[in-house]
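# This is a predicted model, with the sequence first.
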Amino acid sequence: MSDKKEIIEIKHLGKTFGKNEVLKDINFSINEGDVTCIIGASGSGKSTMLRCINLLETPTSGEILFKGNDITKEKNVAAYRAKVGMCFQSFNLFSNMTALKNCMVGPMKVLKKSKQEAEQDALFFLTKVGMAPFIKAKPKQLSGGQQQRVAIARALAMHPDVLLFDEPTSALDPQMVGEVLEVMKTLAKEGLTMIIVTHEMAFARDVSNHVVYMQDGVIWEEGTPQEIFGNPQKQETKDFLSRFINM
Amino acid sequence: MNSFLLAGSLPPDFFGRILFILKNYGVSMAKGAGTTLLIAIVGTLIGCVIGFIVGLIQTIPINPNDSVAKKILLKIVNIILKIYVEVFRGTPMMVQAMFLHYGAMLLLNLHMDMWTSAFVIVSINTGAYMAETVRGGIFSVPLSQTEGAKAIGMTHVQTMLNVILPQALRNIMPQIGNNLIINIKDTCVLSCIGVVELFFTSKSVAGTYYTYFETFTITMVMYLIMTLFFSWLLRFFEKRMDGPAEYDLATTDTLAYTSGTLSDPRKDFVDDRHLSDAPHAGEDNMNNTRR
Ligand SMILES: Nc1ncnc2c1ncn2[C@@H]1O[C@H](COP(=O)(O)OP(=O)(O)OP(=O)(O)O)[C@@H](O)[C@H]1O
Ligand SMILES: [Mg+2]
């Protein structure tokens, strides 16, 4: 892991909403090709941290280095976000567009690709996530699992350097969870750098190579899945994990 | 007011009189209705454009990183727009018509002809209402849509044009229709500055023979036909905007083409096993990797 190139480094990241200090001095780094899972109790600040990474939230203090540049001082936020994809718990597909258009609009408008190129690319990624038959469907006409797979294709069509996931399966029925996790496993195998906030412990254990346990707005413990799941050092981590008996 | 010449003697019964009026003044009344429609439609369209521009400016987000100049400029523009909206929503269109048509002449030494005044008044009046409607329409689009757009690197303008406005437009279509219908009816107040629209014409016709009841029966029906027609037309547009209620599954032919001709745009990313799984693409091809 250490011989790999660092892509994101978070230094002393802090975020407060009013008087509520949600993130306190977060430090960690991510290498290219890492699959990082962020786990922790509800309200521990996982989403907030993920949203800070692509500047959907503005950090109150600290630095986020992306390939060495501090993006908290970045003027062209949109250009940075184009390189960092994000998949949301509620999918956030554009409801006025078909599945295909959802995957084409970013490449065409942001990356200025031709319609033809964007369409080919979109079809490639929709095929990859198994959604090719549904290219003409509007988001409302798709199941949750199908929507999330389109959302993943939409993010992939931007050819991001890093893909962020905020509980991508939490809004899904159990049988749909499988289809989305399967897609994510494939991406992990292909070496895409991913940061995943999840409550799917089995997935975190089997697919990631880096697990971060958050509590009360700080990183309580981090390490390899073997370390965190097999031999957690802190009592709080043990307590948290003991709640997931079905692993 | 009575610009119409007598056209013979009046039949004694109600329907006879209606026919008589239609025969002799039907064309004039139809012309009046045409003027009404022209002003209402053009005024509504320009009003919508004004409304969209004002609504868009009012929803420009101010980021903490923006320059002070931009913040101050936006603040000033927003105050001016707020005054515009409140003044034109808060006063009767008839008063606005008198104020602008005669006021512009006196104050600005600007002589607007009746037509210009008519279009200007209906447009800016509608614009004031539409500004609020558009603002509401923009806020009615869930935040998740904006975040989805931001997450793929769209700028504020790109997000607005591609994601938010199309949805806002769909949401406010009923309100646009409403405005058009209100304008068809309310252009009658422009008769006060001498615009010969349907109401003006009707009054003249009615006065000629003193047939108020008969003439305004016809006028009522004419207004009703116009408003009903446009309600129907706008409903039709709304349905068109919604697109089909069902979708077709893409055929295996399309998919064979897709997976057969596609080369991965990013070589270091490809997993060839998945491309060779393509014959099953009609199914969920991710299932192939599932144990
Ligand atoms: N926009 C906001 N304004 C104020 N407080 C917020 C805001 N967003 C989040 N918070 C607070 O920040 C804290 C952390 O929230 P966050 O969503 O990051 O938690 P989480 O770890 O993702 O939880 P979950 O597992 O339930 O998604 C919570 O106490 C929440 O109330
Ligand atoms: Mg969360």
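On my side now, so go ahead. Ligands and ions are numbered 1, 2, ... in the order given.
# and the closest residue to residue A:92 other than its chain neighbours, how many residues sit next to it?
Nearest non-adjacent residue to residue A:92, counting by C-beta to C-beta, 6 or more residues apart in numbering or on different chains: residue B:148, 3.4 Å away. C-beta here means a position set from N, CA and C on the backbone, and glycine is covered the same way. Residue B:148: 27 surrounding residues under other C-beta atoms under 10 Å in any protein chain shown.
# so who does the residue in the stretch 101-250 of chain B positioned nearest to chain A touch?
Nearest residue of the stretch 101-250 of chain B to chain A: residue B:153, at 2.7 Å (C-beta to the nearest C-beta). Neighbouring residues of residue B:153 by C-beta atoms under 8 Å, 6 or more residues apart in numbering or on different chains: A:78, A:79, A:80, A:81, A:82, A:83, A:106, A:110, A:158.
# repeat that with 7 Å
Going by C-beta atoms under 7 Å, 6 or more residues apart in numbering or on different chains, residue B:153 touches A:78, A:79, A:81, A:82, A:106, A:110, A:158.
# And residue A:233, by the same measure?
Taking C-beta under 7 Å, 6+ apart, we find residue A:233 in contact with residue A:221.
# What is the neighbour count of the nearest residue to residue A:138 once chain neighbours are set aside?
Using C-beta to C-beta, 6+ apart and skipping residues adjacent in sequence, the residue nearest residue A:138 is residue A:98, 5.8 Å away. Neighbours of residue A:98 under the rule other C-beta under 10 Å: 20.
# cool, and residue A:211?
24.
# Could you measure from the nearest residue to it once chain neighbours are set aside over to ligand 1?
Leaving aside its sequence neighbours, residue A:211 sits nearest to residue A:228 (C-beta to C-beta, 6+ apart; 4.2 Å). Plainly put, residue A:228 is 17 Å away from ligand 1 if you go by C-beta to the nearest ligand atom, to the nearest Å.
# Would you mind confirming that residue A:228 is in contact with residue A:213?
Yes: under the criterion of C-beta atoms under 7 Å, residue A:228 makes contact with residue A:213 at 6.2 Å.
# Need the residues touching each of these two.
Between them, residue A:228 and residue A:213 share the contacting residues A:221, A:237, judged by C-beta under 7 Å, 6+ apart.
# got a list of what the residue nearest to residue B:219 when sequence neighbours are not counted touches?
Spatial nearest neighbour of residue B:219, excluding adjacent residues (C-beta to C-beta, 6+ apart): residue B:202 at 4.2 Å. Residues in contact with residue B:202, defined by C-beta under 7 Å, 6+ apart, are B:29, B:32, B:215, B:216, B:219.
# Tell me where the model's unsure across the chain.
All of this refers to chain A. Applying pLDDT under 70 to chain A flags residues A:1-3, A:245-247.
# that answer is for a different chain, and I need it for chain B
Using pLDDT under 70, the flagged stretches of chain B are B:1-7, B:251-291.
# can you pull the contacts of the residue nearest to residue A:92?
A:92, A:93, A:94.
# quick one: whichever helix or strand it is part of near ligand 1?
If you go by DSSP states H and E, residue B:148 is part of helix B:143-151. No: with C-beta under 6 Å from any ligand atom as the criterion, ligand 1 is not reached by helix B:143-151; the gap is at least 10.5 Å.
# any chance you could map the strands in chain A?
Remark: strands assigned in chain A by DSSP state E are A:6-17, A:20-31, A:35-40, A:61-66, A:69-70, A:84-87, A:162-166, A:193-197, A:210-215, A:218-223.
# can you redo those strands as a markdown table with distance to ligand 1?
Formatted as a markdown table, the strands of chain A follow (distance: least, C-beta to the nearest ligand atom, whole Å):
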| stretch | distance to ligand 1 |
| --- | --- |
| strand A:6-17 | 3 |
| strand A:20-31 | 4 |
| strand A:35-40 | 6 |
| strand A:61-66 | 16 |
| strand A:69-70 | 22 |
| strand A:84-87 | 14 |
| strand A:162-166 | 7 |
| strand A:193-197 | 6 |
| strand A:210-215 | 7 |
| strand A:218-223 | 12 |
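# Residue B:180: which of the ones you listed is closest?
Among the strands of chain A, the nearest to residue B:180 by C-beta to C-beta is strand A:84-87 (40.5 Å).
# For the closest one, what is the distance to the chain centroid?
Centroid separation between strand A:84-87 and its chain, computed with C-alpha atoms, centre = their mean, to the nearest Å, is 6 Å.
# any idea how far the residue nearest to residue A:211 is from chain B?
As judged by C-beta to the nearest C-beta, to the nearest Å, residue A:228 and chain B stand 25 Å apart.
# Same question for residue A:198.
When distances are taken as C-beta to the nearest C-beta, residue A:198 and chain B turn out to be 18 Å apart.
# Could you list the residues of chain A in contact with ligand 1?
With C-beta under 6 Å from any ligand atom as the criterion, chain A meets ligand 1 at residues A:17, A:20, A:22, A:40, A:42, A:43, A:44, A:45, A:46, A:47, A:48.
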